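**Q** quick check, what structure comes out for this input:
(chains A and B)
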Amino acid sequence: MKIFKITGTYKDLVETLLSLDYKVIAPVNRNKLTRFDFINSADEVLSPDEVLNTVRPAKEHLFPMTETVARFSYEGKKLRIGDVEVPEEKSVIIGLRPCDAAAFDAIDKIFSYVYQDKFYLTRRNNTTLISVACEHPDNACFCTSFGISPDSAKGSDILLKKSKDSSLFAFISTERGEDLARTINNIIPEEQPDPGRDLYEAAEKNMRAPLDLPKIKEALNTNFESEYWNEFSRCLGCGSCAYLCPTCHCFDIVDEVRYDKGIRKKNWDACQFPLFTLHASGHNPRDAQNKRYRQRLMHKFKYYHDRFDTHLCTGCGRCIRECPVNIDIYEAAAELCGCEANI
Amino acid sequence: MENIYKPFTAIIDEIRWETADTKTFKLHFDDPKIAEAFTFKAGQFGEYSVFGEGESTFCIASSPTRKEYIECSFKVVGKVTNALRSLEVGDTIGFRGPYGNHFPIENMYGKNLIFIGGGIGLAPLRSLIWNVLDLREMFNDITILVGARSVNDLVYKDELTGWENRSDINFIKTVDPGGETKEWNGKVGFVPTVLKEIAVSPMNAVAITCGPPIMIKYVLLELEKMGFSPSQIVTTLENRMKCGLGKCGRCNIGSTYVCIDGPVFTAEELNKLPIDY
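**A** Numbers count the residues shown, from 1 in each chain, chains lettered A, B, ... in the order given. As a prediction, the model looks like this:
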């Protein structure tokens, strides 16, 4: 980890990034929805003081909601299948929070497991992540449950942090981060001592207490058939939680066709939808909403961990903030193992 | 990096109606280089596609010992299988694969094999059966028990007759009560019941079964009653899949992905999984 001081403001830094040979992605307000988008000017960027976390995470820039993975066309009976190239464009995502940066570390595992998904991985290799530490986590945040913290550098190439006197520092943990930092003249190329984490220690104290993950996993190991899951029949199956989650990676593969040409697409999908697991025969292994909620919780706190030694949740709190029937994944996990949800 | 979602093209060489709603395609790969390089093992599956309609998951129903072609059998039930039904010889489909694990044939050499197939569940077994028959001397006694709801629902009818006529196979066929015809010369009874009647020995044996979930369930119970240990029983599962590559997130049974860790499981492995299939 190398620490450097930054001159000027956060917006000055964004301005500099725009002058470099990178596409810049940052939090913006689009049609009253806060999300990450390509920007052309620093003026449209929501500063970290304006928004704790965007409603939609940055995930969509590496794993888009919908994306073409093959093309096909017919000339009479002759079928041609065309590949789809992923442009090797350098981009930088600035303004994401430590939870969202860590989320990419988590989904890297699935997209490179056995088979390499070039669509995700090419973008991932070309993207530099500049995250911003959180001074004011809200009451849905629980990143500390996953070994992340309001100023954790996990998953970030560069983490921006403030010292007690509000000076801005860049904590650089990767070569990719260093490469970018070298081209940024707002970063003084002289290593600094750690300015301390006073602001963030204070922030951490206001967050939900860390979940006891081993205890939760133990409870999940033995409670597959528990009546506990019935409580989640109230889930509407709207899929908001999955669509707003920085780690949900499930997708569908569908064709779109017009006359004799078409495309094959990979579209986000969600385990909360009844059709997700419906067999052609009519049989559905997860034929009720409580079973689908069980899958969601199991996947995040047990299944993914069994395979990859990583949880499929980083405590960003989006699913808690946005669930229309107030299902709280932190509470759901804590109460399963008889722990008090310490919110 | 290679595009793991891009299918090969395969040409339909032959189409057979197996039953009123089940078809078999014989396919070869369009690109001679792929045809040359393509290998698979019995039990593996593929993603077959009709462009504009999507992809469907079926096992490769032919034997890996027949290298010039692959075959798949499918029941016409959904969007993709309806589109496949209307294709003709010479038409092109997409194919991705082979995916998944395979039947543990390396553990079957020198053993007595008992195949128990129900309905279209015979398709994955057929790949292994022909694999074993093509290397017949490597195995000991072979018993094949095949069942279907009715005589009309039996698949691979010509091949069944061929197996029945061979002296090196103990072949039994059955249809569910009420599914028989006047001419039917096989047994009448559900597959697990007939299995009980023929009472196979677990000595030096491996039982391989596939069929409707309810059939598998009772076949496993019968086999265990006969003294088969769960490690001597092999089955193959299916769950809805999209990618076949362990990524799209829907075919899992607990932490186990049917597409990557399966589709072939021993009963010993199945016993450890939650009932989520």
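**Q** ok, what's across the strand from residue B:205?
**A** Going by DSSP bridges, residue B:205 is paired in beta bridges with residue B:112.
**Q** skipping adjacent residues, who's closest to residue A:193 in space?
**A** In this structure, residue A:193 finds its nearest non-sequential neighbour in residue A:3, 7.2 Å apart by Cβ to Cβ, 6 or more residues apart in numbering or on different chains. Where you see a C-beta, it was placed from the backbone N, CA and C, and this is true even at glycine.
**Q** hmm, I typed the wrong one, I wanted residue A:218.
**A** residue A:337 is the one closest to residue A:218 (Cβ to Cβ, 6+ apart), at 7.0 Å.
**Q** now do the contacts for residue A:90.
**A** Residues in contact with residue A:90 (Cβ atoms under 8 Å, 6 or more residues apart in numbering or on different chains) are A:21, A:22, A:23, A:126, A:127, A:128.
**Q** gap between the residue nearest to residue A:193 and residue B:64?
**A** Using Cβ to Cβ, to the nearest Å, residue A:3 is found at 58 Å from residue B:64.
**Q** of the two, which one has the most company?
**A** The neighbour comparison of residue A:3 against residue B:64 (other Cβ atoms under 10 Å in any protein chain shown) goes to residue B:64, with 22 against 16.
**Q** what ranges does the stretch 151-300 of chain A have for its strands?
**A** Taking DSSP state E, counting those that start in this stretch as the criterion, the stretch 151-300 of chain A contains strands spanning A:158-162, A:168-172, A:187-188, A:251-258, A:261-268.
**Q** can you redo these as TSV with mean neighbour count?
**A** Below are these laid out as TSV (neighbours: other Cβ atoms under 10 Å in any protein chain shown):
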stretch	mean neighbour count
strand A:158-162	24
strand A:168-172	22
strand A:187-188	16
strand A:251-258	17
strand A:261-268	20
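**Q** wait, which of those is closest to chain B?
**A** strand A:251-258 (3.7 Å; Cβ to the nearest Cβ).
**Q** parallel or antiparallel, list what pairs with the closest one.
**A** Counting by DSSP bridges, the strands paired with strand A:251-258 are strand A:261-268 (antiparallel).
**Q** so the residue positioned nearest the centre of chain B: helix, strand or coil?
**A** Centroid-nearest residue in chain B, with Cα atoms, centre = their mean: residue B:124, separated by 1.3 Å. Under DSSP: H, G, I helix; E, B strand; the rest coil, residue B:124 falls in the helix class.
**Q** all helices for the stretch 1-150 of chain A, in order.
**A** Per DSSP state H, counting those that start in this stretch, the stretch 1-150 of chain A carries helices over the ranges A:10-19, A:98-111, A:118-125.
**Q** want to try a markdown table for those, with distance to residue B:120 as columns?
**A** Output for the helices of the stretch 1-150 of chain A, formatted as a markdown table (distance: least, Cβ to Cβ, whole Å):
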| stretch | distance to residue B:120 |
| --- | --- |
| helix A:10-19 | 57 |
| helix A:98-111 | 31 |
| helix A:118-125 | 34 |
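**Q** just give the closest residue to the residue nearest to the centre of chain B, not the sequence neighbours.
**A** Leaving out its chain neighbours, the residue that sits closest to residue B:124 by Cβ to Cβ, 6+ apart is residue B:59, at 4.1 Å.
**Q** contact partners for the one you found?
**A** Counting by Cβ under 8 Å, 6+ apart, the residues that residue B:59 touches are B:43, B:44, B:45, B:46, B:72, B:123, B:124, B:127, B:236, B:263.
**Q** let me know the closest of those to residue B:15.
**A** Nearest to residue B:15 among the contacts of residue B:59 is residue B:72, at 11.1 Å by Cβ to Cβ.
**Q** for that closest one, give me phi and psi.
**A** Per-residue torsions, residue B:72: phi -140, psi 150 (degrees, to the nearest 10).
**Q** and the residue nearest to residue B:124, how far from chain A?
**A** Distance of residue B:59 to chain A, given as Cβ to the nearest Cβ, to the nearest Å: 14 Å.
**Q** touching, residue A:223 and residue A:336? I think so.
**A** Yes - using Cβ atoms under 8 Å, residue A:223 is in contact with residue A:336, at 6.4 Å.
**Q** stretch B:100-107: which residues count as buried?
**A** For stretch B:100-107, burial by neighbour count (16 or more other Cβ atoms under 10 Å in any protein chain shown) applies to B:100, B:101, B:102, B:103, B:105.
**Q** so how far is residue B:142 from the last one?
**A** Distance check for residue B:105 against residue B:142: by Cβ to Cβ, it reads 13 Å.
**Q** identify the contacts common to those two.
**A** Shared contacts of residue B:105 and residue B:142, defined by Cβ under 8 Å, 6+ apart, comprise residue B:132.
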